[in-house]
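Novice: My questions concern the predicted model and sequence given below.
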Amino acid sequence: MKLNRRNIHRDLGYFYIGLIISFAFSGILMNHREHWHPEKYTVETKSIQVKLPEESQISEQYAENLGKELGIDDKIRRHGVKKGTFKISFEKHDVEIDMKTGKGEIVAFKKTPIISQTMKLHKSTSNWWIYYSDIFGISLITIAITGAIMITHGKNTFARRGWKLAVAGVVIPLLVLFLIG
């Protein structure tokens, strides 16, 4: 095999196609996690009625104990009060209770097959995965550069046309970061 930009571009693309699709797919899902939780799906919803203390008395220990009283035995992840609703997130359950009325619900869920595994890739902190991801990132840079310089003749070269699109591709995220930040 001849080692040139076209072959490098092609072979890295082939090698990483599954990871590129997986990261792109789970990235899209993570972009919308505020509206729905793509990692889990509801198995059962149960209405509850409880008497809550004042918001200032709600602690992690209280949330943990309330979970046990409600029959939830999985590990607590977080809790808090937001817009008049007391929320507790457990590994396999979510609890939401109205602070004024004490009415709420327990939602039991399971991990969504395939989707939860691909999203785990984005969140993994294992050393070997971080190094593999770093190599993947370097390979994506290589794929981008070799793709940009692959066409050397004609009106669609990087020097004549591609650089304008590349600048636009950099400017748009920078504008978004500037406007958000």
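Specialist: That came through, no problem.
Novice: does residue 2 sit in a helix or strand, and which one?
Specialist: Secondary structure from DSSP states H and E places residue 2 outside every helix and strand.
Novice: swap in the one 4 residues further on?
Specialist: Under the criterion DSSP H and E, the helix or strand holding residue 6 is helix 5-31.
Novice: Next: residue 74.
Specialist: Using DSSP H and E, residue 74 is not contained in any helix or strand.
Novice: Number the chain from 312, please
Specialist: OK, 312 is where the count begins now, so the last one is residue 385.
Novice: That one is in contact with residue 405, isn't it?
Specialist: No: applying CB atoms under 8 Å, one finds residue 385 not in contact with residue 405, separated by 11.0 Å. Any C-beta I mention is one placed from the backbone N, CA and C, and that applies to glycine too.
Novice: what is the rounded mean pLDDT of stretch 385-403?
Specialist: Stretch 385-403 shows an average pLDDT of 93 in the prediction.
Novice: Any buried residues in that stretch, and which?
Specialist: Across stretch 385-403, burial judged by 16 or more other CB atoms under 10 Å covers 387, 390, 397, 398, 399, 401.
Novice: Show me what whichever helix or strand comes after the helix holding residue 317 is packed up against.
Specialist: Read in the C-terminal direction, the helix or strand following helix 316-342 is strand 351-360, with elements assigned using DSSP H and E. When contacts are defined as 3 or more CB pairs under 8 Å, 6 or more residues apart in numbering; DSSP states H and E, strand 351-360 sits against strand 414-422.
Novice: Helix or strand next in line after the strand it packs on, which one?
Specialist: With secondary structure assigned by DSSP H and E, strand 414-422 is succeeded by helix 426-434.
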